[in-house]
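> model this:
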Amino acid sequence: MEDIKKVKEKLSTKLPKQNVIYLKECNSTQKYIKENAQKLPSKTVVICDNQTSGIGTNGRTWITKPNENLTFSYFIKPNCKIEKVKNLTVQIANAIVEAVKELYNIDLEIKYPNDVILNGKKICGILTESTSKGDVIERVIIGIGFNVNQTEFEGEISKIATSLKKEFGVEFDKIEILVKIISKIENLI
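Just a heads-up that it's a prediction; the model follows:
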């Protein structure tokens with residue numbers, strides 16, 4: 001991405017209702033939030049240029065090249081009944097599909113419940129984790145890995161993964177995508 005100070009300013013302007021934490025590198029934005037949850041306010045977005053140990057579903061690693069993709073987590077403290085966040089992962093997948101359609105008129109599909117697909121390949125993954133007390137959800141961490149500008153995927157992933165740039169041959173604005181996705185998630189919550 002760009003200079004850290006410029007990115008923080010841009011995100012703070014475009015996401016005024018959120019607490020934005022921008023990191024050049026971290027092991028995982030999901031882990032970062034878990035480790036700092038006690039002191040983070042609701043509506044915190046943690047975005048990272050180089051996520052070294054991203055978390056996928058079922059304990060898998062989300063592999064991404066530095067500075068090419070969008071890796072972030074969104075932290076909320078809804079304090080609501082569990083029923084209110086039922087199917088949240090699918091709703092977020094739908095929000096991502098809508099965001100990309102509105103921005104670029106590109107049709108994405110959902111592979112239930114947490115993958116977003118383009119031309120038969122995975123372009124985005126969603127990991128939603130929550131903490132509850134009784135039947136009340138206290139915290140939700142929504143992790144999103146979106147392949148934006150990476151054009152080369154190694155090993156087995158090359159057969160199942162793609163990105164916007166790989167499919168369309170042009171560079172896409174990660175911040176623009178992030179802001180649109182966050183605004184769509186805000187509308188859900």
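> for Arg139, which non-adjacent residue is closest in space?
Thr131 (4.3 Å; Cβ to Cβ, 6 or more residues apart in numbering). The C-beta positions use only the backbone N, C-alpha and C, and glycine is treated the same way.
> quick check on that neighbour: phi, psi?
phi -120, psi 130 (degrees, to the nearest 10).
> now for the closest residue to Lys14 other than its chain neighbours, how many residues are close by?
Of all residues not flanking Lys14 in the chain, Val179 sits nearest, at 4.6 Å (Cβ to Cβ, 6+ apart). With neighbours defined by other Cβ atoms under 10 Å, the count for Val179 comes to 20.
> what pLDDT is listed against Val179?
With respect to pLDDT, Val179 has a value of 89.
> over to Gly145?
Taking Gly145 on its own, its pLDDT is 93.
> in terms of contact, does it touch Lys65 like I think?
No: the pair Gly145 and Lys65 fails to qualify as a contact (Cβ atoms under 8 Å) at a distance of 11.6 Å.
> tell me which of the two has more neighbours.
Taking neighbours as other Cβ under 10 Å, Gly145 and Lys65 compare with Gly145 leading, 25 against 15.
> which helices and strands does whichever helix or strand the more buried one is part of pack with?
Using DSSP states H and E, Gly145 falls within strand 136-146. When contacts are defined as 3 or more Cβ pairs under 8 Å, 6 or more residues apart in numbering; DSSP states H and E, strand 136-146 sits against helix 29-36, strand 54-55, strand 70-76, strand 80-81, helix 88-104, strand 121-133, helix 174-188.
> single out the most deeply packed of these.
Most buried of these, by mean neighbour count (mean count of other Cβ atoms under 10 Å): strand 70-76, with a mean of 25.
> so who does Ser183 touch?
Ala99 (Cβ atoms under 8 Å, 6 or more residues apart in numbering).
> which residue is the nearest non-sequential neighbour of Cys26?
Closest residue to Cys26 apart from its sequence neighbours, by Cβ to Cβ, 6+ apart: Cys48 at 4.8 Å.
> what pairs with the one helix or strand that neighbour maps to, parallel or antiparallel?
Element membership for Cys48, per DSSP H and E: strand 44-51. Paired neighbours of strand 44-51 in the sheet (DSSP bridges): strand 19-26 (parallel), strand 70-76 (antiparallel).
> quick one, it and helix 174-188 angle?
With axes from the mean of the first three to the mean of the last three Cα atoms, to 10 degrees defining the directions, strand 44-51 sits at 150 degrees from helix 174-188.
> sounds good, over and out.
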